[in-house]
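1. need coordinates for the following:
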Amino acid sequence: MRDDRDLRLEDTDPVAESRRIDEDNNTSLGERAAQENGAASDITAPVSDKSSVPEEKSYENVSLDEVMENVESRLSVPDTDNKPRTKKERGKKWIAALILVAFNVIALAVVLYLELNNDADGFLHIGELFRVLGEHWEWLALMIAAFLTHIVVDSLIYFTMIRQCGYGNRYGLALRTSILGFYYNNITPWSSGGQPFQMAYLAKCNIDTPTACTLPFVKHTMHVYALIAFVAVFFGIWHENISWVVHVGAYLAIVVTSLIPLTMLVFSKKLGWTFKLTEKAVRLGVKLKLVKDYDKAVAKARDTMDSLAAAYKYLSENRSTIVILTFLSLVDLFVLGLYPYLIVRALGGDGNVFEIISKSYYVSLSSGIIPTPGASGASEASFYSVFDGLTPAGTLFWAVLLYRMLVFYLPIIMGVIQHIVEALVGRKRRKRVTLVKKEVAWYRRKTINNKLD
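-> Here you go, the predicted structure:
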């Protein structure tokens, strides 16, 4: 990267293009990029004469305070963590938590009833369970190691992206972001809460807002395409003894899951069209009184889409980054698929590893289309149906419980612990001065987006 003294001040302007609404909607982004060279360095100044080119200023002649003024609004996000909650809000939160717990208790109770109804005499009681797990302790240890590997690999994906965006080696931030993603995915229907909360958290940790909104989308896109390739291989290897209901649910989940990243990819490639749709959507929001400030909403949406397009473009031109992210995603998917296999072995059973990995994704995909937090109820039922006969006699209930511990209960516990720790010790924030050069570097990369249409 070139020395920061060679960077022009106007390149640090993070919202100039996104705030500009062209009088001619047919003007291409390339033409706007050419006009950008003549834009004033003051991000709040209107563009009255595109032909006038002000005197360019470089870092050589600009103080750090002046540079800070340009990026201050992008690096500072209001801290809403300390807003007091009303009694009604606290009550709703407790009610939602109790419903979630009750739903999972009922689901496990149903599985236990079915297991006892099938083979009450052969049901493995808790004392025998510990004896069996003790005899196969190495598989139990591998099961725990697989869970920790899943956490580490997912956080490494965020670590790689944060570093590529120029924000340095912040593995602690990447780890906390991953844990929060697992936590909110498991307490929201269709696992829909993880990404929005990750975006907000990254922004509060001094990642500029458009980039904070971009990273979870990029990660999700890589994960979905890796998932499609992964399950295509394993479903092709083994798809026997699966009910048609589970088959349909799994394939439907693949289609639905791929729609969001595919849509975002199309929008990021056609920014002119996307901006027009954005303006229409915001106008509708204003009429419905859902949006208060039209200009601010449009600028934020345009800037976020610009950042997303730049991220996709950057990935397409940096194949090494794609290889790293794809490799990490495939490793993560393989580790998740190993959960049921390790559970079966820890309970004294045996089986074909490819068959069990394939069936584990039939379980997770088919249950994921049910709109309950963490697929509660559907996941237990699907696991019970698919793995019946693969576990030793009397252990199926314990297999279901161990599986839910790994994919549901432990991530929630980790998320609760993180919330408690941050409430007690506070969130570590990077000094804004240390991020100025990184902020400038990332926005210079975003200039590649000017040639997209």
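2. how about residues contacting stretch 171-181?
-> Identification of contacts with stretch 171-181 by C-beta atoms under 8 Å, 6 or more residues apart in numbering yields 151, 154-159, 162, 194-195, 197-198, 201-202, 205, 216, 411, 414-415, 418, 428. No exception for glycine: its C-beta is placed from N, CA and C like everyone else's.
3. give the ChimeraX command for selecting the buried subset of those.
-> Burial among these is assessed by 16 or more other C-beta atoms under 10 Å; the matching ChimeraX selection reads:
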select :151,154,155,156,157,158,159,162,194,195,197,198,201,202,205,216,411,414,415
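4. please flag which of the contacts of stretch 171-181 sit within helices.
-> Using DSSP state H, 151, 154-159, 162, 194-195, 197-198, 201-202, 216, 411, 414-415, 418 are the members of the contacts of stretch 171-181 that sit in helices.
5. so where's the stretch 1-150 of the chain shaky on pLDDT?
-> Residue ranges of the stretch 1-150 of the chain with pLDDT under 70: 1-85, 87-90, 92-93, 97, 100, 103, 114-116, 118-122.
6. can you rerun that using 80?
-> 1-105, 107-123 (pLDDT under 80).
7. just the stretch 151-300 of the chain next, same as before
-> Ranges of the stretch 151-300 of the chain meeting pLDDT under 80: 192-193, 209-210, 239-241, 260-272, 274-275, 278, 289-291, 300.
8. which residue ranges form the helices in it?
-> For the stretch 151-300 of the chain, helices defined by DSSP state H, counting those that start in this stretch occupy the ranges 171-186, 194-204, 209-237, 244-269, 271-287, 294-317.
9. export those to a markdown table and tack on distance to residue 99?
-> Shown next, in a markdown table, are the helices of the stretch 151-300 of the chain (distance: least, C-beta to C-beta, whole Å):
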| stretch | distance to residue 99 |
| --- | --- |
| helix 171-186 | 14 |
| helix 194-204 | 19 |
| helix 209-237 | 26 |
| helix 244-269 | 24 |
| helix 271-287 | 31 |
| helix 294-317 | 33 |
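10. tell me which of these lies nearest to residue 331.
-> Of all these, helix 209-237 sits nearest to residue 331, with 9.6 Å by C-beta to C-beta.
11. buried residues in the closest one, which are they?
-> 209-227, 230-231, 234-235.
12. tally up the residues packed near residue 125, please.
-> Neighbour count for residue 125, taken as other C-beta atoms under 10 Å: 9.
13. now it: how far from residue 158?
-> Separation of residue 125 from residue 158 (C-beta to C-beta, to the nearest Å): 42 Å.
14. distance check, residue 178 against residue 169.
-> Distance from residue 178 to residue 169, counting by C-beta to C-beta: 16 Å.
15. settle it for me: which of the two has more neighbours?
-> Counted by other C-beta under 10 Å, residue 178 and residue 169 do not tie: residue 178 has more neighbours, with 25 against 10.
16. what's near enough to touch residue 235?
-> Per C-beta under 8 Å, 6+ apart, neighbours of residue 235: 250, 358, 361, 362.
17. buried members of those into ChimeraX, please.
-> Here is the ChimeraX command that selects the buried residues among the contacts of residue 235 (16+ other C-beta under 10 Å):
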select :250,358,361,362
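18. who's in contact with the closest residue to residue 199 other than its chain neighbours?
-> Nearest residue to residue 199, sequence neighbours excluded (C-beta to C-beta, 6 or more residues apart in numbering): residue 213, at 4.8 Å. Residue 213 makes contact with 199, 203, 304, 307, 308 under the criterion C-beta under 8 Å, 6+ apart.
19. how about 10 Å then?
-> Residue 213 sits next to 195-196, 198-200, 202-203, 207, 300-301, 303-305, 307-308 when contact means C-beta atoms under 10 Å, 6 or more residues apart in numbering.
20. got it, and residue 353?
-> Going by C-beta under 10 Å, 6+ apart, residue 353 touches 337, 338, 341, 342, 344, 345.
21. apply 7 Å and report the result again.
-> Shown in contact with residue 353 (C-beta atoms under 7 Å, 6 or more residues apart in numbering): residue 341.
22. from residue 400, how far out is it?
-> In this view, residue 353 and residue 400 are 20 Å apart by C-beta to C-beta.
23. now do residue 218
-> Where residue 400 is concerned, residue 218 sits at a distance of 34 Å (C-beta to C-beta).
24. how about residue 257?
-> 24 Å.
25. equivalent analysis for residue 188, please.
-> From residue 188 over to residue 400 the distance is 22 Å, taken as C-beta to C-beta.
26. these two - which one has more neighbours?
-> residue 400 (26 against 18).
27. for the more buried one, give me its contacts.
-> Contacts of residue 400 (C-beta under 7 Å, 6+ apart): 111, 380, 383, 384.
28. element containing the third one?
-> Residue 383 belongs to helix 378-386 when assigned by DSSP states H and E.
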